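Participant: Sequence isn't available, so here's the structure alone:
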């Protein structure tokens, strides 16, 4: 198998020299061989990328912009593995990785959580058998707390400061324990978490209260592979799925609903009603009233065929990749 | 069985030596397994028994070596990196075609199909471009050779496809037919492009030694405007021939060509053309161009003089170019059915008995003769991959051009080719996903093929397994779902991932496996005295109902929790239900009763009289069940336990009778 990590240029504004076209196709800058399937990857900092492999290895690659090459900086072999060596390779896929420079947290099919530091050879901490099922994704809740989702429909909070190998809190779906595949936290309001399930359902959780999701939104017809809040505009959420669609969830249309007596009168508004403050602070994601709060949902893919496996969003750019071996870049998301 | 059209190609398997060991083989879905047997080739072929004994002895020719297995795959093309784009993009076009509505009839449907054909061709061209880039940039000469071969194969494919598009899909009629053929030739005969560029970019083109060659090329390809433009340069450089030039230029300008719109009928065109032809004839016979042999030959070409055209063989390079030029200058209103005669004679004249036609020539000839089946058959033989014929046949089928040509084993040609192509895709570790969609659109055998292939995809990660499962579930292939989930669950179980195993059995609704997992848990509990993976058991939810054993496990854990929270009456009731409702497996009853012991020994009376009687009954059932089973050693422990239980039950009964008999407040 020939898998590669590649860096592409999607046509920078200033760089017309490369192919002269502003809206040109993304073109390949450099790539490097990778052992095993790439299960997840994230930028550690401007130059380094952490990649999770299906062989259970976690690698840091460094991008050298001056000569446009990639090199493997550091590798943690067997970060994830199965104990029984009788099975074919004993390797377990590393399914998720999240970075908060210099810390790197990885989770895998072996139910293990690893905490690495970018400059240290061995893992700083390993929680063996953190979960009896596969951990599908991980994200940071706070700097010392992480969230994981697993294949029996549970969302767990782990406090890394504590030495015990137990989650500090467990949330689960009501009803069927459908596996959860992805998780993301609201960028500003840390108690709001979104997860996507195997049945394509999007769940919004408020981790301050209760152990069950606040809302369940019937979304895709097949596994939801990734969910992302827009980092700078969190009223927007993006999900992609095995059924080949990529949905853009937009709750920002609620703005018009907010009371506007702030603008009344000619005088400056020193008066702010207490309830207004509350209303504007409570996120649209948590409110349940369908009549008051409209959510606009659009499918961004016109003719869908094969699965959309992964997406990422930053500013006005959206990039996603499909099983048809194609990468799409949308540079005018909110136009 | 039909006769073979060609000799089967010889494939040498590197490393397999039939002279050293006997080889055997077995067919797989897309490959052949060849393996070395234990039998060496000792002695002559006739002494079979002798060969047998010598091999059984094992020392035939030295130490017995381990047998090797060779996997022989026919279709190598799917592993070429640059062709992956071709497969993926064409898959998208194929799906679009299948889904396009048939309600559009007549012209718009035809336009749609032509667009699809053009899309396929642009994908081929894009691939050619990539392959060409790869060929230029690689240093390895072997690779370079391989890429160059691929480029020429792709170029030939596009040539054939383009011709099929003109003749079959678009079904161009007399008039537009010639224009399309001209475009076709201009696009594909590009050996002369570099010469053209050279002359055009030189400072004074008319002085260039290849100037007249380029003018001839333009004339042969019917590019009148460009020819006239060049000639004007010559004329301005050479004022003496101004007169000749003017006449020639005029003739070329006036040449009637078929138009695409309906501005003129064929008869009108023919009349005009006839007039024009006579005019050219007159000028030639008057000797107007006698002083300039170049211009004279151009005039002859304009008149359709075969010999004059044939003189320019090197500029045309192929017989089909010759054909189109001939048609342009002698029969511009050629009808599609007449093509075959001109094609045959053109090929004969051009090749002139010096060389024999190549496979590509035969394919194009078959196309000109409108023998679609022949085209497809020849292409299948020549090309190493089913991609081309599968997609072309599918398109022609959508044009309703192929009658259901039933092959001897029942399915029609389109389906056969699609099945072959898709099966080839399945042997690839990632292109198999495309194959699924192709099978979906084979109405007769597609499903069966899919069922057989999908179980053989190696499931290296859970994500891959999930994708395969989703495909099976969408097509209601329940057998395959169960089988795949069982494989994954078994793997998980072996790796001690009980939660994963449970999650797979829930997906497949596999009660038997859930029972297996629960038994594992219970076994662990009996051995260690505590539960592993509490996060799983505590949170089973509705999936608990999948199997009785699983329900028991959940409830048993609940019992432990209630006990831990000191909610003894509830715990007691639960325990009793577990035994009386027969949810608990018999092997576990002893454990349950032993668990009841501390409850019986509590200061407070927990079990009521009824409950105590029930417990006693359970105990009797248990002990009565196996009178002779236990060995002598076990007897001690077992009998002690039973005795203790009996004592505790009796004491409890005593206390509870007293308690229940006491009247309150007296």
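Facilitator: All right, it came through fine. Just so it is clear, the structure is predicted and the values come from calculations on it, not from any experiment. Residues are numbered from 1 along each chain as shown, chains lettered A, B, ... in the order given.
Participant: Show the low-confidence segments of the stretch 51-200 of chain A, by residue range.
Facilitator: Scanning the stretch 51-200 of chain A for pLDDT under 70 picks out A:84-90.
Participant: residue boundaries of the strands in it?
Facilitator: For the stretch 51-200 of chain A, applying DSSP state E, counting those that start in this stretch gives strands covering A:58-64, A:69-76, A:94-100, A:103-108, A:113-117, A:125-127, A:135-142, A:145-150, A:154-159, A:169-172, A:180-185, A:192-197.
Participant: Excluding chain neighbours, give the residue nearest to residue A:137 in space.
Facilitator: Sequence neighbours aside, residue A:96 is the residue nearest to residue A:137 in space, at 4.3 Å (criterion: CB to CB, 6 or more residues apart in numbering or on different chains). All C-beta atoms are positioned from the backbone trio N, CA, C, and that covers glycine.
Participant: Distance of the one you found relative to chain B?
Facilitator: Noted for residue A:96: a distance of 11 Å to chain B, by CB to the nearest CB, to the nearest Å.
Participant: list the contacts for the residue of the stretch 301-450 of chain B found nearest chain A?
Facilitator: Among the residues of the stretch 301-450 of chain B, residue B:433 lies closest to chain A, at 5.5 Å counting by CB to the nearest CB. For residue B:433, the contacting residues are A:306, A:323, B:467, by CB atoms under 8 Å, 6 or more residues apart in numbering or on different chains.
Participant: So what touches the helix or strand the last one falls within?
Facilitator: Secondary-structure element containing residue B:467, defined by DSSP states H and E: helix B:462-474. If you take CB under 8 Å, 6+ apart as the criterion, helix B:462-474 is touched by A:37, A:39, A:93, A:95, A:109, A:134, A:151, A:198, A:222-223, A:242, A:307, A:323, B:433, B:436, B:454, B:457, B:459, B:478, B:480-481, B:484-485, B:488, B:500, B:507.
Participant: can we see that at 6 Å?
Facilitator: A:109, A:134, A:222, A:242, B:436, B:457, B:459, B:480, B:481, B:484, B:488 (CB atoms under 6 Å, 6 or more residues apart in numbering or on different chains).
Participant: Between helix B:462-474 and the helix or strand hosting the residue of the stretch 301-450 of chain B closest to chain A, find me the angle.
Facilitator: Per DSSP H and E, residue B:433 falls inside helix B:432-440. For helix B:432-440 against helix B:462-474, the angle by axes from the mean of the first three to the mean of the last three CA atoms, to 10 degrees is 10 degrees.
Participant: Show me what counts as buried in helix B:432-440.
Facilitator: Buried residues in helix B:432-440, counted by 16 or more other CB atoms under 10 Å in any protein chain shown: B:432, B:433, B:434, B:435, B:436, B:437, B:438, B:439, B:440.
Participant: Also stretch B:481-489?
Facilitator: By 16+ other CB under 10 Å, the buried positions in stretch B:481-489 come out as B:481, B:482, B:484, B:485, B:486, B:488, B:489.
Participant: What are the phi and psi values at the nearest residue to residue B:127 once chain neighbours are set aside?
Facilitator: The shortest distance from residue B:127 to any non-neighbouring residue, by CB to CB, 6+ apart, is to residue B:86 (4.5 Å). The phi/psi pair for residue B:86 (degrees, to the nearest 10) reads phi -60, psi -50.
Participant: what's the pLDDT at residue B:86?
Facilitator: What the model reports as pLDDT for residue B:86 is 92.
Participant: tell me the contacts of residue 70?
Facilitator: Just going to use chain A. Neighbouring residues of residue A:70 by CB under 6 Å, 6+ apart: A:30, A:32, A:61, A:63.
Participant: Switch to chain B, please.
Facilitator: Contact partners of residue B:70, counting by CB under 6 Å, 6+ apart, are B:13, B:16, B:34.
Participant: And for it, nearest residue in space, chain neighbours not counted?
Facilitator: In this structure, residue B:70 finds its nearest non-sequential neighbour in residue B:34, 4.4 Å apart by CB to CB, 6+ apart.
Participant: Can you tell me how far the residue of the stretch 151-300 of chain A found nearest chain B is from residue A:194?
Facilitator: Chain B sits closest to residue A:151 of the stretch 151-300 of chain A, with a gap of 4.3 Å, by CB to the nearest CB. Separation of residue A:151 from residue A:194 (CB to CB, to the nearest Å): 18 Å.
Participant: Neighbour count for those two, which is higher?
Facilitator: Taking other CB atoms under 10 Å in any protein chain shown, residue A:151 and residue A:194 do not tie; residue A:151 has more neighbours (31 against 24).
Participant: looking at it, the more buried one is touching residue A:133, isn't it?
Facilitator: Yes - counting by CB atoms under 6 Å, residue A:151 does reach residue A:133; the two are 4.4 Å apart.
Participant: On the strand side of things, show who residue A:40 bridges to.
Facilitator: Under DSSP bridges, the beta-bridge partners of residue A:40 are residue A:52.
Participant: And for it, the neighbour number?
Facilitator: 22.
Participant: who's in contact with it?
Facilitator: A:52, A:96, A:97.
Participant: gap between the second one and residue B:498?
Facilitator: If I follow you right, that is residue A:96. From residue A:96 over to residue B:498 (counting by CB to CB), the distance is 21 Å.
Participant: do the same with the last one
Facilitator: Taking CB to CB as the measure, residue A:97 and residue B:498 are separated by 25 Å.
Participant: neighbour-wise, which of those two wins?
Facilitator: Looking at residue A:97 and residue B:498 with other CB under 10 Å, you find the greater number of neighbours at residue A:97, namely 26 against 23.
Participant: Would you mind listing the residues in contact with the more buried one?
Facilitator: Contact analysis of residue A:97 by CB under 6 Å, 6+ apart lists A:40, A:42, A:50, A:52, A:106.
Participant: My reading is that residue B:323 is in a strand; is that accurate?
Facilitator: No - Residue B:323 is assigned helix when assessed by DSSP: H, G, I helix; E, B strand; the rest coil, not a strand.
Participant: Which residues are in contact with it?
Facilitator: The contact partners of residue B:323, taken as CB under 6 Å, 6+ apart, are B:342, B:343, B:346.
Participant: So the second one versus residue B:303, what's the distance?
Facilitator: Right, residue B:343. Residue B:343 sits at a distance of 21 Å from residue B:303 (criterion: CB to CB).
Participant: Mind checking which of those two has more residues around it?
Facilitator: Applying other CB under 10 Å to residue B:343 and residue B:303 shows that residue B:343 carries more neighbours, namely 21 against 18.
Participant: I'd say that one and residue B:368 touch.
Facilitator: Yes - counting by CB under 6 Å, residue B:343 does reach residue B:368; the two are 3.8 Å apart.
Participant: coming back round to it: wait, which of the contacts of residue A:70 is closest to chain B?
Facilitator: Closest to chain B out of the contacts of residue A:70 is residue A:30 (14.2 Å), distances taken as CB to the nearest CB.
Participant: what about the closest one, which helix or strand?
Facilitator: In this assignment (DSSP H and E), residue A:30 forms part of strand A:27-34.
Participant: which residues touch residue B:390?
Facilitator: For residue B:390, the contact set (CB under 6 Å, 6+ apart) comprises B:417, B:418, B:421.
Participant: TSV for those, including pLDDT?
Facilitator: Converted to TSV, the contacts of residue B:390 look like this (pLDDT from 0 to 100):
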residue	pLDDT
B:417	91
B:418	93
B:421	92
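Participant: Can you tell me which of those has the largest number of neighbours?
Facilitator: residue B:418 (27 neighbours).
Participant: Can you tell me how far that one is from residue B:195?
Facilitator: For residue B:418, the distance to residue B:195 - CB to CB - is 43 Å.
Participant: need the residues of chain B near chain A, please.
Facilitator: Within chain B, the positions adjacent to chain A are B:88, B:92, B:95, B:429, B:433, B:461-462, B:470, B:494-495, B:498-500, B:503, B:533, B:536, B:539, B:541-543 by CB under 6 Å from any CB of the partner chain.
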